[in-house]
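S.K.: Let's see this in three dimensions:
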Amino acid sequence: MSARIAVTGPNPYEVVVGSDVLDALPGYLPGATQVALVYAAPLSGLVDRVADVVAGAGLKPVRIEVPDAEHGKTVAVAEQCWAELGRAGFTRTDAVVGVGGGAVTDLAGFVAACWLRGVRLVQVPTSLLGMVDAAVGGKTGVNTAAGKNLVGAFHPPAAVLCDLDTLASLDAEELTGGMAEVVKCGFIADPRILELIEADPDAARDPSGDVLRELVERSVRVKADVVGEDLRESGRRIILNYGHTLGHAIERHEGYRWRHGHAVSVGLVYAAALARRRGLLDAATADRHAAVLSSLGLPVRYRPDAFDALLPAMRLDKKAQGATMRFVLLAGLAEPVVVADLAEPELRATYLDVCVPDGER
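M.R.: Here you go, the predicted structure:
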C-alpha cells in the first residue's frame, strides 16, 4: 500500500510514499513528448528502469548525467543541463524528472524552473534526505562560493514519488544522515517521531521495516502541512530551517565534505542550547536533542576552534534580514519561534558550551 500525502497551495500536488511506485510516473507527465532524466552516475541502473517506464508510455527519455552530491549543485552544471535540453529541443510541454538524492533533486528543480521560465517537474528522491526534505516543498537551488542554496527558485513539482525500496541501496552513513531532518520534524511539529526513534533507534534505520516507513510518512506530512500554507517562506515555512543556520555554515566550512544531515545534527543541538540559554527551553528538552541524535549515530559537536570561520556564513544565512541574524529556536516541544536579537557574544558562548568537551573548558 502507498500513502498519498497532499501538498496544498497555489500549485497543489501529492507525495506518494510506498514500494514500487515508479510505474505511476507517466501519469504525472500529461502532454509531454520528451522527459529529461537528471541523475548522478551511481544511480544509472535505477535510471535505466525509469527510462523504460517512460519509453513504455510512448515518451522519449533524455538522460542527463551530472556530478554526484553537492559537486553537481552549481550554476555551471545547471548550464550544461540547459544545453542538453536545447539540443533535444525541449518545449514547454516537456518535463524534467530528478532521480537521486537531495542534491540532484535540488539541481533538477532549478533546471526545470529556469528552462522556458518553468516546465513540469517530477521528483523521484532515492535518499532519505531527499524524501523527507529536499524533494518536497518546491524550493530548488544551487550552491555558490558565497554559500549553500543562495541561488534558486520556488518551483513546485507536479508530484514526488518516494519509492522506499531505493533506501535499501543506501550505505549506513547516508541513511543515518537523512535521519537528522526526521528528528528536526519531531522537535518542531510531531513529537511522536521522537518517541518512535527513542523506542528503537535500530528499527528507525531499517529500510525494510515499518518504523522507517512511518517516520518518512510523518516527516513528509510535517513538511507538506508547512509548505502548503507558506510556499515562499514569507511566514511559517521558516520553521523548517531549525538547526540549519549553523548546519549550512558547517557544510560550507567543510567544502561540503560533511553530509548535510551530519551538519544539521550539530546545528540542532546548537539551536537547542541557544533556546536553553535564553530561558525559552527546559533543560530536559534541550538535552533530548543530543540524546536522540547520538542514538542514531549522528554527531552533536563540531570543531571548538571554528566559530570565527563559521560566523560570516551564519550572517549570510537566508533567514537574515539586513544586518540582523534570525534563528529558529524552540519555546517548548513542537513550539518553534523566530528570535532575531541574538548577539555575537551569546552565539559564541553557546557554541563553546556545545562544542568544547567538558574536560577542555
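S.K.: Strands of this structure, residue ranges please.
M.R.: Using DSSP state E, the strands assigned to the chain run over residues 3-7, 13-18, 34-40, 60-66, 95-100, 120-125, 139-144, 147-154, 159-163, 327-330, 336-339.
S.K.: What are the buried residues along the third one?
M.R.: By neighbour count, with 16 or more other C-beta atoms under 10 Å as the criterion, the buried positions of strand 34-40 are 34-40. No exception for glycine: its C-beta is placed from N, CA and C like everyone else's.
S.K.: Same list (those) but as CSV, adding pLDDT and distance to residue 202.
M.R.: Listed next are those as CSV, based on pLDDT from 0 to 100; distance: C-beta to C-beta, whole Å:
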residue, pLDDT, distance to residue 202
34, 98, 44
35, 98, 39
36, 98, 39
37, 98, 34
38, 98, 34
39, 97, 30
40, 94, 29
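S.K.: which of these sit farthest apart?
M.R.: The distance between the two most remote of those (C-beta to C-beta) is 20.6 Å, for 34 and 40.
S.K.: Low-confidence stretches in this protein?
M.R.: 318-323, 358-361 (pLDDT under 70).
S.K.: what domains does the record give for it?
M.R.: 3-169, 172-360 (automatic domain parsing).
S.K.: Tabulate the CA atom coordinates of stretch 139-158 in PDB.
M.R.: Taking Å, rounded to 0.1, in the frame of the first residue of the first chain, the C-alpha atoms of stretch 139-158 are listed here in PDB:
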ATOM      1  CA  LYS A 139      12.500  25.000  -3.200                       C
ATOM      2  CA  THR A 140      15.200  24.500  -5.800                       C
ATOM      3  CA  GLY A 141      18.700  25.800  -5.900                       C
ATOM      4  CA  VAL A 142      22.400  25.500  -6.400                       C
ATOM      5  CA  ASN A 143      25.500  26.400  -4.300                       C
ATOM      6  CA  THR A 144      27.900  29.300  -5.000                       C
ATOM      7  CA  ALA A 145      31.200  30.400  -3.400                       C
ATOM      8  CA  ALA A 146      29.100  32.600  -1.100                       C
ATOM      9  CA  GLY A 147      27.200  29.800   0.400                       C
ATOM     10  CA  LYS A 148      24.700  26.900   0.100                       C
ATOM     11  CA  ASN A 149      21.400  27.300  -1.800                       C
ATOM     12  CA  LEU A 150      21.700  31.000  -2.200                       C
ATOM     13  CA  VAL A 151      20.700  30.900  -5.900                       C
ATOM     14  CA  GLY A 152      17.500  29.200  -6.700                       C
ATOM     15  CA  ALA A 153      13.700  29.500  -7.300                       C
ATOM     16  CA  PHE A 154      10.400  28.300  -6.000                       C
ATOM     17  CA  HIS A 155       9.100  25.700  -8.400                       C
ATOM     18  CA  PRO A 156       6.700  23.100  -7.000                       C
ATOM     19  CA  PRO A 157       6.800  19.700  -8.600                       C
ATOM     20  CA  ALA A 158       3.900  18.000 -10.300                       C
END
